[in-house]
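Q: What follows is a predicted structure for the sequence shown.
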Amino acid sequence: MKARHFLAGSLSALALTGMASLASASSHREAPAIGFDPAADNTDTWAWVNDGAHDKLYLVASYNPLEEPSGGPNYNEFSDDVLYEFHVTRGNKSLEDVVTYQVQFSSTAIANVNPADLSKPLGGGKEFFSQLSGRKQTYWLTKLTHGKDGTKREVLGQGMPVAPVNIGPNTNKIVYGTEKYDEAFMGKFIQPLGFQGQSGRVWAGQTDDGFYVDIGRIFDLANLLGGTAHDNVAGYNNHSIALEIPTTDLTFDGQPPAAAASDDNTIGVWASASRRQVRILHRGGGESNFGSWVQVSRLGLPLVNEAIIGLQDKDKYNRTKPAKDVANFGAYFLNPVIVRDAEAVGIYKALGVPQDVVDSLKHDRLDIIDTINLKASGHDIPLSATGDVLRVDLGLDSRFPNGRPIPYGAAPNKEQADVTDVLLSVLLSKGTVAVSDGAQSNDVAFQKQFPYLGVPHEGFQDGHGKAAP
């Protein structure tokens, strides 16, 4: 093909290092409204089955982007007023949930202690720092199974402790009772779950932000062709929820998935956050929340809202569900704005790409639909069941875009695929060129075991401030 030959020659020669920066992080700065509500802001979603056995499905979702480690113990946490959810669809007929896993949090109130009573021991409830106040956060997990006869609710766990934020060695020793905040300490907060006689697990707490991408140059009016690549998410934390689920809990027949491609055993995964419809602030402090849940954020595939949806529809995108994506946003998928942006700032021209090749990238982009619907691996998913969900065939080893695994990367600090590079290659060149933004690995190693995301950065030493003169 003419396009393939030309792109592989001229564009590859310049490494496309600038073009990839047209995207921002997976979902860290994607829409105006959710920027005011970080505790409900989805940043990343991962989903995969374990290699070989395929008997476990892993779901990981992160929220609260760009948590500054030195921000202190009183700030970053899950919101007690947010409903966090993993949504699971199945098959090629519908994007309606077959199962929903709901996670809600509850924080114990700080004890009402007279601050003048100095006879109370440390931790009496009057301290300035939250880790000494006795305030703890716990959560419960509910499974909703949707069927012809309605929705069945099952509480899988309750009163489970959240892993605390990584403040520093004094907090570790005095409050947490450990010498250091490490993988072993995080592992103490893994909770067992029962799924009809089979085991599963859950974990919630602060983690390293596991995404890596250069997002800085785009905010300088797409200043893309010069400078040095940076991982602009490096050194930041967020709050994450990880689930381990037996795949038999989600297969269409309740049996282990056969080791072959199957539409029937292909699920779609997306995560969301919702708030109550009405919020009332009290003059004396506190608030009340009423009404039905309203979705305020969501994420399935990485980069969709950032790199595909136009600014005027980004907030709408966060408030709607994947089942409506074709009707609401189909034009963005078929006519990707990012290609026109790259053309407008002169990227294609600077790289010598002929105009007819550029024009071919602007419209009728069924290749994007085919990629997210796993057509290359033999799946048959029609437009009526197309939307922003992360597809996972339970019978195949997960390799992006069939799932998005954290493990199986080429190095301990790399997830299985650099999803920025993969998706930008598809969007900007129809997959004919390996596009790279220059940010090739995470700043810390991923864990080799559940919950997989890395140890959070410590506030004592790992803040982004500069050394004092």
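A: Nice, I can see it. Numbers count the residues shown, from 1 in each chain.

Q: Go ahead and name everything in contact with stretch 363-370.
A: Phe333, Leu334, Asn335, Pro336, Ala376, Leu383, Thr386, Val426, Leu427, Lys430, Gly431 (C-beta atoms under 8 Å, 6 or more residues apart in numbering). (C-beta placed from N, C-alpha, C; glycine too.)

Q: Pull out the buried residues from it.
A: Within stretch 363-370, the residues scored as buried using 16 or more other C-beta atoms under 10 Å are Arg365, Ile368, Ile369.

Q: Redo the residues you listed as CSV? Include pLDDT, secondary structure and distance to Gly254.
A: CSV is the format used below for the buried residues of stretch 363-370 (pLDDT from 0 to 100; DSSP: H, G, I helix; E, B strand; the rest coil; distance: C-beta to C-beta, whole Å):
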residue, pLDDT, secondary structure, distance to Gly254
Arg365, 96, coil, 38
Ile368, 95, helix, 34
Ile369, 95, helix, 31
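
Q: Just checking the distance from stretch 334-345 to the centre of its chain.
A: Centre-to-centre, stretch 334-345 and its host chain are 25 Å apart (C-alpha atoms, centre = their mean, to the nearest Å).

Q: just stretch 140-150 next, same as before
A: Its chain's C-alpha centre and that of stretch 140-150 lie 23 Å apart, by C-alpha atoms, centre = their mean.

Q: Over it, what's the mean pLDDT, rounded is fine.
A: The pLDDT scores in stretch 140-150 average 95.

Q: Put the alpha carbons of it into CSV.
A: In CSV, the C-alpha atoms belonging to stretch 140-150 read as follows (Å, rounded to 0.1, in the frame of the first residue of the first chain):
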residue,chain,number,x,y,z
TRP,A,140,-17.5,-3.2,51.4
LEU,A,141,-17.8,-5.0,48.1
THR,A,142,-21.1,-6.0,46.5
LYS,A,143,-21.7,-8.2,43.5
LEU,A,144,-24.7,-7.5,41.3
THR,A,145,-25.8,-10.2,38.9
HIS,A,146,-28.2,-9.0,36.2
GLY,A,147,-30.5,-11.5,34.6
LYS,A,148,-34.0,-12.0,33.1
ASP,A,149,-35.5,-12.3,36.6
GLY,A,150,-33.9,-9.0,37.8
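
Q: re the thing from before, among the contacts of stretch 363-370, which lie within helices?
A: Applying DSSP state H to the contacts of stretch 363-370, the entries found in helices are Phe333, Leu334, Val426, Leu427.

Q: Please identify which pair of those residues lies farthest apart.
A: Leu334 and Val426 (13.3 Å; C-beta to C-beta).

Q: Drop the exposed ones from the ones in helices among the contacts of stretch 363-370 and show what's left.
A: Buried, going by 16+ other C-beta under 10 Å: Phe333, Val426, Leu427, out of these.

Q: For the first one, which residues are in contact?
A: The reference is to Phe333. Ile308, Asp325, Arg365, Ile368, Ile369.

Q: quick one: contacts for the first one?
A: Read that as Ile308. Ile308 makes contact with Phe329, Tyr332, Phe333, Pro336, Val337, Ile338, Leu427, according to C-beta under 8 Å, 6+ apart.

Q: one more time with 7 Å
A: The contact partners of Ile308, by C-beta atoms under 7 Å, 6 or more residues apart in numbering, come to Tyr332, Phe333, Pro336.

Q: related to what we said a few turns ago, farthest pair in the contacts of stretch 363-370?
A: Pairwise over these, using C-beta to C-beta, the maximum falls at Asn335 and Ala376, 22.1 Å.

Q: Max pairwise distance over the contacts of Phe333: which two?
A: Top of the distance list for the contacts of Phe333 (C-beta to C-beta): Asp325 and Arg365, 14.7 Å.

Q: Kindly indicate which of the contacts of stretch 363-370 lies nearest Val233.
A: Leu427 (20.0 Å).

Q: ranges for the strands of the stretch 101-250 of the chain?
A: Under the criterion DSSP state E, counting those that start in this stretch, the stretch 101-250 of the chain carries strands at the ranges 137-147, 150-161, 191-195, 198-208, 237-246.

Q: returning to what we had before: go through the buried ones among the ones in helices among the contacts of stretch 363-370 and say which is closest to Gly346.
A: Leu427 (17.8 Å).

Q: hang on, isn't the closest one packed against Val337?
A: No. Using C-beta atoms under 7 Å, Leu427 is not in contact with Val337; the gap is 9.7 Å.

Q: Could you report the neighbour count for Val353?
A: By the criterion of other C-beta atoms under 10 Å, Val353 has 20 neighbours.

Q: meant to ask about Gly91
A: Residues contacting Gly91 under the criterion other C-beta under 10 Å number 17.

Q: got a list of what the residue lying closest to Arg319 once chain neighbours are set aside touches?
A: Sequence neighbours aside, Gln295 is the residue nearest to Arg319 in space, at 5.8 Å (criterion: C-beta to C-beta, 6 or more residues apart in numbering). Gln295 makes contact with Ser272, Ser274, Arg319, according to C-beta under 7 Å, 6+ apart.

Q: go with 10 Å
A: The contact partners of Gln295, by C-beta atoms under 10 Å, 6 or more residues apart in numbering, come to Ala40, Leu83, Glu85, Ser272, Ala273, Ser274, Arg275, Asn318, Arg319, Thr320, Lys321.

Q: could the residues you listed be laid out in JSON lines, adding distance to Tyr348 and neighbour count?
A: JSON lines is the format used below for the contacts of Gln295 (distance: C-beta to C-beta, whole Å; neighbours: other C-beta atoms under 10 Å):
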{"residue": "Ala40", "distance to Tyr348": "37", "neighbour count": "23"}
{"residue": "Leu83", "distance to Tyr348": "43", "neighbour count": "20"}
{"residue": "Glu85", "distance to Tyr348": "40", "neighbour count": "23"}
{"residue": "Ser272", "distance to Tyr348": "36", "neighbour count": "25"}
{"residue": "Ala273", "distance to Tyr348": "37", "neighbour count": "27"}
{"residue": "Ser274", "distance to Tyr348": "40", "neighbour count": "20"}
{"residue": "Arg275", "distance to Tyr348": "41", "neighbour count": "20"}
{"residue": "Asn318", "distance to Tyr348": "30", "neighbour count": "25"}
{"residue": "Arg319", "distance to Tyr348": "34", "neighbour count": "15"}
{"residue": "Thr320", "distance to Tyr348": "32", "neighbour count": "18"}
{"residue": "Lys321", "distance to Tyr348": "35", "neighbour count": "18"}
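
Q: Understood, closing this out.
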